[in-house]
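1. 3D, please:
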Amino acid sequence: MIAAQEGDYPLIADAKVFGPDTVKGYIAKGFNQIYQYTQDYNEPFGYLVIYNTSGKDLEFDLAGQEQHTPSVTHNNKTIFLLTIDVFPYEETASQRGPLTAVTITQEDLIRAVETQGSA
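-> Take a look at the predicted model:
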């Protein structure tokens, strides 16, 4: 998304699809990509938009989270995690029963930055 923009302050954003067979490491890899872009463009903020097509609840276990929009700050770069649920549920919410959750921790995300780096 960055290459299509002009100006001094580009919006650093990327989108990933979290499907039924997606592992949480894929989201961590996307986090690393956005983090690297914030470094490359010297921007303080980045946005990872996640389209959830899995039918599972995607939750983030983040330390000190006080905002409604999940975010992680690492080395003075803040990455916001925006999840958009686009799964075509066949039953109403009251008939579905409990949701199965996939939990992604702050450690999962930071580990991706520290181990994958700019690779």
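2. So what touches the worst-scoring helix or strand of the chain on mean pLDDT?
-> Ranked by mean pLDDT, DSSP states H and E, the weakest helix or strand in the chain is helix 93-96, scoring a mean of 88. With contact meaning CB atoms under 8 Å, 6 or more residues apart in numbering, helix 93-96 is reached by Tyr89. In short, each C-beta sits where N, CA and C put it, glycine included.
3. And the next helix or strand past it?
-> The first helix or strand that comes after helix 93-96 along the chain, using DSSP states H and E, is strand 101-105.
4. Report the mean per-residue pLDDT for that next one.
-> Strand 101-105 comes out with an average pLDDT of 94.
5. which helices and strands does the helix or strand that comes right after it pack with?
-> If you walk from strand 101-105 toward the C-terminus, the next helix or strand you reach (DSSP H and E) is helix 106-116. Taking 3 or more CB pairs under 8 Å, 6 or more residues apart in numbering; DSSP states H and E as contact, the helices and strands that helix 106-116 lies on are helix 24-40, strand 71-74.
6. buried residues in helix 106-116?
-> By neighbour count on 16 or more other CB atoms under 10 Å, the buried set for helix 106-116 is 106, 108-110, 112-113, 116.
7. Also stretch 36-53?
-> Of all the residues in stretch 36-53, those buried under the rule 16+ other CB under 10 Å are 36-38, 43, 45-53.
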